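> build the 3D model from these lines:
(2 chains)
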Amino acid sequence: MPVDVLTIADKTFTSRLIVGTGKYPSHQVMADAHRASGTEMVTVAVRRVDLRDRSAESMRAFIDESKIFLLPNTAGCYTAEDAIRTARLGRELGLSNWVKLEVIGDEKTLYPDNVALLDATRVLAREGFVVLPYTNDDPVVCKKLEDAGAAAVMPLGAPIGSGLGIQNPNNLLIIREQARIPVIVDAGVGTASDAAIAMELGADGVLMNTAIALAADPVAMATAMKLAVQAGRLAYRAGRIGRKQYGSASSPVTGTIPALAGASKGA
Amino acid sequence: MHIQVNGEPLEVAGPLTISALLSDLKVDYRLVAVEHNLTIIKRAAYDSVVVNEGDEIEIVRFVGGG
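Down below sits the predicted model:
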């Protein structure tokens, strides 16, 4: 098989697993998990500096930026304006023009506000940003985001942090079939099989945070996720067999020893 | 003079540059981005942009997130 890399805009990645930097027990565990996952891109959030407590050590010191690309997000933004402002600040901090664009529409489900997301994608793409919008698993919205200038679409598998796994595999199949840009399944992964399923459906990559960070052993889970993404991708490229309603023997059906008189048919 | 930093009132001797303000606040300029009255200030301009009475400043950095 030819070399298999993930290309988004002008960047090429060997790893198809994008990992978050939130919720880990410590910065050191995060760094170890990142290493175990083999990731080449991690998401980070943009927040106010706490002027009362300057003692907190910098998380950034625990990310090897020679190997790992920083993808700023706009998490916590509920309007297009806030998301655009945060994206611009993130660009100043990261010195790249990439953004994982989030515009949240509902506090409880954390589902995106797709109307505002589309507006913000259009504005930021026009400003030269490489926009990776986090969106619903909705083929129509994904198509519109692509037309608005998104560099990739990032449909959710399930609500952020829910660990419910891929809720609508058929929609992801449709999204992958129609998109001319990479499809990254973002959010909802609970365990390794969820990541493998996303990749088997044809996703170009998977983005996760909670599934690794809050696992009992984040470093072991990071390794599991690396293998799951690789296995799922390889299975996708290998071409799975079709689904059939009935059995189909793997052993030859001719040359069998004649059945004994009176015995019933079995497997 | 009286300014707002990250949404909170702050008394500083001024007017002063962004560089001087960051230094006063013991903030490492290499790890932050700064917004001055809703305009992002490029790092190269920290020595020249002046903060005046009533100005609003945002100082942000990267933290963990998904």
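> how many residues are close by whichever residue of the stretch 1-150 of chain A sits closest to chain B?
The stretch 1-150 of chain A approaches chain B most closely through residue A:45 (2.8 Å), counting by Cβ to the nearest Cβ. Placement of C-beta: from N, CA and C, glycine included. Neighbour count of residue A:45, defined by other Cβ atoms under 10 Å in any protein chain shown: 24.
> which parts of chain B are strands?
Along chain B, counting by DSSP state E, strands occupy B:2-5, B:8-11, B:16-17, B:33-36, B:39-41, B:50-51, B:56-64.
> want to try a markdown table for these, with mean neighbour count, distance to chain A and mean pLDDT as columns?
Output for the strands of chain B, formatted as a markdown table (neighbours: other Cβ atoms under 10 Å in any protein chain shown; distance: least, Cβ to the nearest Cβ, whole Å; pLDDT from 0 to 100):
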| stretch | mean neighbour count | distance to chain A | mean pLDDT |
| --- | --- | --- | --- |
| strand B:2-5 | 16 | 6 | 97 |
| strand B:8-11 | 10 | 7 | 94 |
| strand B:16-17 | 16 | 16 | 96 |
| strand B:33-36 | 22 | 4 | 97 |
| strand B:39-41 | 14 | 6 | 96 |
| strand B:50-51 | 18 | 15 | 97 |
| strand B:56-64 | 20 | 4 | 95 |
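> tabulate these (JSON lines), appending distance to residue A:138.
JSON lines is the format used below for the strands of chain B (distance: least, Cβ to Cβ, whole Å):
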{"stretch": "strand B:2-5", "distance to residue A:138": "40"}
{"stretch": "strand B:8-11", "distance to residue A:138": "40"}
{"stretch": "strand B:16-17", "distance to residue A:138": "48"}
{"stretch": "strand B:33-36", "distance to residue A:138": "33"}
{"stretch": "strand B:39-41", "distance to residue A:138": "33"}
{"stretch": "strand B:50-51", "distance to residue A:138": "45"}
{"stretch": "strand B:56-64", "distance to residue A:138": "29"}
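> what ranges do the helices span in chain A?
A:27-37, A:80-94, A:114-126, A:139-147, A:169-178, A:192-200, A:210-213, A:218-238 (DSSP state H).
> so, low pLDDT: which residues of chain A?
Applying pLDDT under 70 to chain A picks out residues A:54-57, A:263-267.
> for residue A:73, see how far away whatever residue of the stretch 151-267 of chain A ends up closest to chain B is.
For the stretch 151-267 of chain A and chain B, the shortest gap (Cβ to the nearest Cβ) falls at residue A:209, measuring 3.0 Å. According to Cβ to Cβ, to the nearest Å, residue A:209 stands 10 Å off from residue A:73.
> what is in contact with the two at once?
Taking Cβ atoms under 8 Å, 6 or more residues apart in numbering or on different chains as the contact rule, residue A:209 and residue A:73 both touch A:43, B:65, B:66.
> got a list of what the residue nearest to residue A:240 when sequence neighbours are not counted touches?
Leaving aside its sequence neighbours, residue A:240 sits nearest to residue A:200 (Cβ to Cβ, 6 or more residues apart in numbering or on different chains; 7.0 Å). By Cβ under 8 Å, 6+ apart, the contact set of residue A:200 is A:232, A:235, A:236, A:240.
> quick check: the gap between residue A:232 and residue A:183.
Plainly put, residue A:232 is 13 Å away from residue A:183 if you go by Cβ to Cβ.
> can you check residue A:152 too?
Using Cβ to Cβ, residue A:152 is found at 7 Å from residue A:183.
> overlap of the contact sets of these two?
residue A:204.
> what about the residue nearest to the residue of the stretch 1-150 of chain A closest to chain B when sequence neighbours are not counted, distance to residue A:37?
Computed as Cβ to Cβ, 6+ apart, the closest residue to residue A:45 that is not its neighbour in sequence is residue B:65, at 2.8 Å. Distance, residue B:65 to residue A:37, using Cβ to Cβ: 16 Å.
> with neighbour numbers in mind, choose between residue A:209 and residue A:73.
A count of neighbours by other Cβ under 10 Å puts residue A:73 above the other of residue A:209 and residue A:73, at 29 against 26.
> any idea what that one is bridged to?
Counting by DSSP bridges, residue A:73 forms beta bridges with residue A:100.
> wait, it sits on residue A:100?
Yes - here residue A:73 reaches residue A:100: they are 4.1 Å apart, a contact under Cβ atoms under 8 Å.
> can you count the residues close to residue A:11?
What residue A:11 shows, counting by other Cβ under 10 Å, is a neighbour count of 15.
> so who does it touch?
When contacts are counted by Cβ under 8 Å, 6+ apart, residue A:11 touches residue A:69.
> same deal with residue B:61?
A:46, A:47, A:49, A:58, A:60, A:93, B:31, B:32, B:33.
> repeat for residue A:138
A:114, A:155, A:171.
> most neighbours among the residues you listed, which one?
Top of the contacts of residue A:138 by neighbour count (other Cβ under 10 Å): residue A:155, with 29 neighbours.
> once you drop chain neighbours, what's closest to it?
With Cβ to Cβ, 6+ apart as the criterion, residue A:155 has its nearest non-adjacent residue at 4.2 Å, and that residue is residue A:137.
> and for residue A:99?
In space, residue A:99 is closest to residue A:87, 4.3 Å off (Cβ to Cβ, 6+ apart).
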